[in-house]
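the sequence and its predicted three-dimensional model are supplied below.
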Amino acid sequence: MDTLTHALSGMLAARASHRQGRTVAIPGLSLRSRMAAGFLASAFPDSDIIFRFFGDLSYLNNHRGMTHSIIMLPLWALLLAVVFAWLWRGRYTWRAFYGVSAIGIGIHILGDLITAYGTMILAPFDMSKFAFPTTFILDAWFSGIIVLALLLAWRFRQQARVIAIAGLVGLTGYVGYQAHLHQRAIGIAESYRASQGWADARVYALPQFLSPYHWKLLISHGDQYHVAYVNIIKKATPIQLPGDKPGFITQVRAYFKPADRLEWLVHDRYGKQAAEQDVARQIWSLDLLRDIRHFMAFPALERIEQREEGTCGIFVDHRFVVDGMRIPPFLFGACRHLQQDWQLYRFKEGKAIQIM
């Protein structure tokens, strides 16, 4: 999820958990202070953006790591609570901030777990990435439910807490519906796998942009990925008249096909030609690509090309590929001249950026 959606979800959770009144031991936060703390606490895990200053690999390896760990959550909540107590100039003790800080961080972690990127929730003891991919990383409906609930809570202040709770329930229901759609998408891919007799193939469904009904189906079979783009409720593809110039949204909607008219694309993990495959396998096994192998979930050779940097093997992660619709955001590989040592590069906007 984007950081703003995370922060607003923390604000909504803070509103839902707010109770009027104070206790003698722990003075209760005012509503404004509680919602502000929830907003900031839920944005906090994305502070790992600081790793961008240490290079692309540092960011990719640490994003959604320690600050997104459920094991580290109590410590981060305590740290934020102390910071908030200082920022509020001692009006409240750190104890008053601890609960809302924990809630904010927790709802952020949940919001990232439901995307396909992967979150290291058990860091630092286990750096495995967990994902339950029901929701695209930018989902207008998901964000809209949060914003609507906050606006209604502001407008109808007497019922604000009930409205905020209803907003969270509605958000949970929406994600639950997306989980149902995910299973339907998996079923479509499994039907195709069965029709091909690929008993050992693995099936995945990844949420896509603009609609909860848009899914990328991916079947990993041997050294190939079989990919299709489906709209699981579409019955027919609209007919385009000669001379029509469809806009971007129309193009995207047309790209995702009905389940009975899918166009399956084949991507070779190491390329199509034997000589190309030998070079790709050599590059992919290099020790300097160790971090790239850890990051990429569905790696495949994008191309081998001759550049001024030498012979380059460029790899892409099919989590982030939409064939023919956009340039993949994460392209990494290695280049060398003749028998010199391989050098690690990121490829961005046509340029090769060496990674030291």
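Sure, I can see it.

residue 324 - nearest residue in space that isn't next to it in sequence?
Spatial nearest neighbour of residue 324, chain neighbours left out: residue 255 (7.9 Å); criterion: C-beta to C-beta, 6 or more residues apart in numbering. (Each C-beta comes from the backbone N, C-alpha and C, glycine too.)

wait, the one you found sits on residue 325?
Yes: counting by C-beta atoms under 8 Å, residue 255 touches residue 325, with 6.3 Å between them.

okay, residue 55: pLDDT?
Per-residue confidence (pLDDT) for residue 55: 82.

from residue 117, how far off is it?
Distance of residue 55 to residue 117, given as C-beta to C-beta, to the nearest Å: 19 Å.

for the helix or strand hosting residue 96, packing partners?
Secondary structure from DSSP states H and E places residue 96 in helix 94-113. For helix 94-113, the elements it packs on are helix 3-16, helix 31-43, helix 73-87, judged by 3 or more C-beta pairs under 8 Å, 6 or more residues apart in numbering; DSSP states H and E.

residues making contact with stretch 343-356?
55-57, 288-289, 292, 307, 309, 312, 314, 331-336 (C-beta atoms under 8 Å, 6 or more residues apart in numbering).

start and end of it, how far apart?
End-to-end distance of stretch 343-356 (C-alpha to C-alpha, to the nearest Å): 8 Å.

got the buried residues for that stretch?
For stretch 343-356, burial by neighbour count (16 or more other C-beta atoms under 10 Å) applies to 343, 344, 345, 346, 347, 352, 355.

just flag the most distant two among these.
343 and 347 (12.6 Å; C-beta to C-beta).

any residues in contact with both of residue 255 and residue 325?
Going by C-beta under 8 Å, 6+ apart, no residue sits against residue 255 while also sitting against residue 325.

neighbour count winner among those two?
residue 255 (18 against 13; other C-beta atoms under 10 Å).

returning to what we had before: from the contacts of stretch 343-356, keep the buried residues only.
56, 57, 289, 292, 309, 312, 314, 331, 332, 333, 334, 335.

closest one to residue 129 out of these, please.
residue 292 (14.0 Å).

quickly find the element holding the nearest residue to the closest one once chain neighbours are set aside.
In space, and not counting its chain neighbours, residue 292 is closest to residue 332: 4.8 Å by C-beta to C-beta, 6+ apart. According to DSSP H and E, residue 332 maps onto strand 331-336.

what helices or strands is that strand leaning on?
Looks like strand 331-336 contacts strand 299-307, strand 310-317, strand 343-348 (3+ C-beta pairs under 8 Å, 6+ apart).

which helix or strand in the protein has the lowest average pLDDT?
Lowest by mean pLDDT, DSSP states H and E among the helices and strands of the chain is helix 248-255, with a mean of 77.

in it, which residues are buried?
252, 253, 255.

got the angle for the following helix or strand past the helix holding residue 96 vs helix 3-16?
With elements assigned by DSSP H and E, the helix or strand that comes after helix 94-113 is helix 140-155. Angle between the axes of helix 140-155 and helix 3-16 is 40 degrees (criterion: axes from the mean of the first three to the mean of the last three C-alpha atoms, to 10 degrees).

return the set of buried residues in helix 140-155.
142, 143, 145, 146, 149, 150, 153.

now stretch 94-108
Going by neighbour count (16+ other C-beta under 10 Å), the buried part of stretch 94-108 is 94, 96-108.

repeat for stretch 197-211
Per 16+ other C-beta under 10 Å, stretch 197-211 contains these buried residues: 198, 201, 203, 204, 205, 206, 207, 208, 210, 211.

please apply the same query to stretch 37-54.
Quick answer for stretch 37-54 (16+ other C-beta under 10 Å): 37, 38, 39, 40, 41, 42, 43, 44, 45, 46, 48, 51.

and that stretch, how far apart are its ends?
29 Å.

and the contacts of it?
By C-beta under 8 Å, 6+ apart, stretch 37-54 touches 3, 6-15, 29, 58-59, 61-68, 76-77, 80, 84, 97, 100-105, 107-109, 112.

again, 7 Å this time
3, 6-7, 9-11, 13-14, 29, 58-59, 62-63, 65, 67-68, 76, 80, 84, 97, 100-101, 103-105, 107-109 (C-beta atoms under 7 Å, 6 or more residues apart in numbering).

show me what the top helix by length along the chain is packed up against.
If you go by DSSP state H, the chain has its longest helix at helix 160-196. The contact analysis (3 or more C-beta pairs under 7 Å, 6 or more residues apart in numbering; DSSP states H and E) places helix 160-196 against helix 3-16, helix 140-155, strand 202-207, strand 214-221.

next structured bit after the last one?
Per DSSP H and E, strand 214-221 leads on to strand 224-231 as the next helix or strand towards the C-terminus.
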